[in-house]
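A.B. asks: Next comes the sequence, and after it the predicted model I'd like to discuss.
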Amino acid sequence: MIFPVNNFIGEIAALSAALLWAISSVVYIHLGLKIPPLQLNLYKGIIAIAFIAITLLIQGAALRDLSPQTLSLLFLSGIVGIGLGDTAYFAALNSLGARRTLLLETFSPPIGALLALIFIGEQLTTNAWCGILLTILGIAWVISERNPVDNISVSRQGIIWGILAAIAQAVGAVISRFALTQSDITPLASTLIRLLGGTAIVLGLIFIPLPVAQKPGIKWKLSWHSLKIIAIAAMGSTYLGIWLQQTSLKFAPTGIAQTFLATSPLFVMPIVALQGEKISWRAILGVIVSLSGIALIFVR
């Protein structure tokens, strides 16, 4: 039986976030050639925090009646998932390119589902597990295809960054899911707290002399053109994207939400097709497999 759309708010929110992230990833790849990962993560975080603060003021919402546990968990989730996870993701993009980085990201949904099962007792149906497996296999099939245009060599450092990004994002999602289900906090308010945590750790990493910070390469003076592009990308990927991500984690189990959030490569395909890149039959078959998995998850 397939239930009404209202019963799938979390799943629809996750797919919408994946679409926004697919569009933004094209922009971030070009920005990553000029701006170090930590600096780019900092800029998008600050801009998104400003957008969220303005939205909350317009709504007349306030962060009150929240337990210290909820605040601490969401802040920690932001540190791990956004601060560390996104920085590792940008570093992997620079080292491996989008296709290989996204392939490593497919590890995040099953890791998240297993962690949610172990630590918060979140059970998934057999249909859901089969749907997750099919979706991930389809995504992996699409993005593992050899791309003759991609001349980026595989580096051990890049692989490490990609794996760390997948683990960090899975851990951040599980912590966030637990906080959201144990409180009445809204997805938007939780997004603000997560971003504050992520931005705080990024600031710390920038000003602490660690190799990951790449301090010698940081250039604080950027052109207005670059700042405008970052602002547009941050509004789509961070402000709206993480808001939708939090909505998905509020209303859908971690494994399912993470699986749908990982479908960005499927949305990238029509984008690159519009840019003139030829889409192979292998890629089309991978999309069909993934869509079959998504359909299976939607069926109860």
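C.D. replies: Done, it's in. Residues are numbered from 1 along each chain as shown.
A.B. asks: So Asp184: helix, strand or coil?
C.D. replies: State at Asp184, reduced to three classes by DSSP: H, G, I helix; E, B strand; the rest coil: coil.
A.B. asks: Let me see the confidence value for it.
C.D. replies: The model reports Asp184 with a pLDDT of 89.
A.B. asks: What is the burial count for it?
C.D. replies: By other CB atoms under 10 Å, the residues close to Asp184 number 9. Glycine gets a C-beta too; all of them are placed from N, C-alpha and C.
A.B. asks: Name the nearest residue to it, ignoring sequence neighbours.
C.D. replies: Asp65 (8.0 Å; CB to CB, 6 or more residues apart in numbering).
A.B. asks: Over to the one you found: give its phi and psi.
C.D. replies: phi 60, psi 30 (degrees, to the nearest 10).
A.B. asks: What of Arg64?
C.D. replies: phi -130, psi 170.
A.B. asks: What is the burial count for it?
C.D. replies: Neighbour number of Arg64 under other CB under 10 Å is 6.
A.B. asks: Ok, Gln59 next?
C.D. replies: Neighbours of Gln59 (other CB under 10 Å): 11.
A.B. asks: repeat for the one 10 residues further on
C.D. replies: Gln69 sits with 12 neighbouring residues when counted by other CB under 10 Å.
A.B. asks: try the one 3 residues further on
C.D. replies: Neighbours of Ser72 under the rule other CB under 10 Å: 14.
A.B. asks: In which helix or strand does it reside?
C.D. replies: helix 68-77 (DSSP states H and E).
A.B. asks: Show me what that helix is packed up against.
C.D. replies: helix 156-181, helix 187-207 (3 or more CB pairs under 8 Å, 6 or more residues apart in numbering; DSSP states H and E).
A.B. asks: Going by neighbour count, list what's buried in the longest one.
C.D. replies: It stands for helix 156-181. 158-159, 161-180 (16 or more other CB atoms under 10 Å).
A.B. asks: just stretch 58-77 next, same as before
C.D. replies: For stretch 58-77, a neighbour-count test (16+ other CB under 10 Å) marks Leu66, Thr70, Leu71, Leu73, Leu74, Phe75, Leu76, Ser77 as buried.
A.B. asks: and it, average pLDDT?
C.D. replies: 86.
A.B. asks: Dump that stretch to CSV, restricted to CA.
C.D. replies: Below are the C-alpha coordinates for stretch 58-77, written out as CSV (Å, rounded to 0.1, in the frame of the first residue of the first chain):
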residue,chain,number,x,y,z
ILE,A,58,10.2,37.3,10.5
GLN,A,59,8.4,34.3,11.8
GLY,A,60,8.6,35.7,15.4
ALA,A,61,10.1,32.4,16.5
ALA,A,62,12.4,32.2,19.5
LEU,A,63,14.8,29.5,20.8
ARG,A,64,13.2,29.1,24.2
ASP,A,65,11.9,26.2,26.3
LEU,A,66,14.7,24.0,24.9
SER,A,67,16.5,21.6,27.2
PRO,A,68,20.3,21.8,27.6
GLN,A,69,20.5,18.3,26.3
THR,A,70,18.7,19.2,23.0
LEU,A,71,20.9,22.2,22.5
SER,A,72,24.1,20.3,23.3
LEU,A,73,23.2,17.4,21.0
LEU,A,74,22.3,19.7,18.0
PHE,A,75,25.5,21.7,18.6
LEU,A,76,27.6,18.5,18.7
SER,A,77,25.8,17.3,15.6
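A.B. asks: related to what we said a few turns ago, out of the buried residues of stretch 58-77, which is nearest to Phe90?
C.D. replies: Checking these against Phe90 with CB to CB, the nearest one is Ser77 at 18.7 Å.
A.B. asks: Thought Arg194 was touching the closest one, still the case?
C.D. replies: Yes - under the criterion of CB atoms under 8 Å, Ser77 makes contact with Arg194 at 5.5 Å.
A.B. asks: Overlap in contacts, these two.
C.D. replies: Gly172, Ser176 (CB atoms under 8 Å, 6 or more residues apart in numbering).
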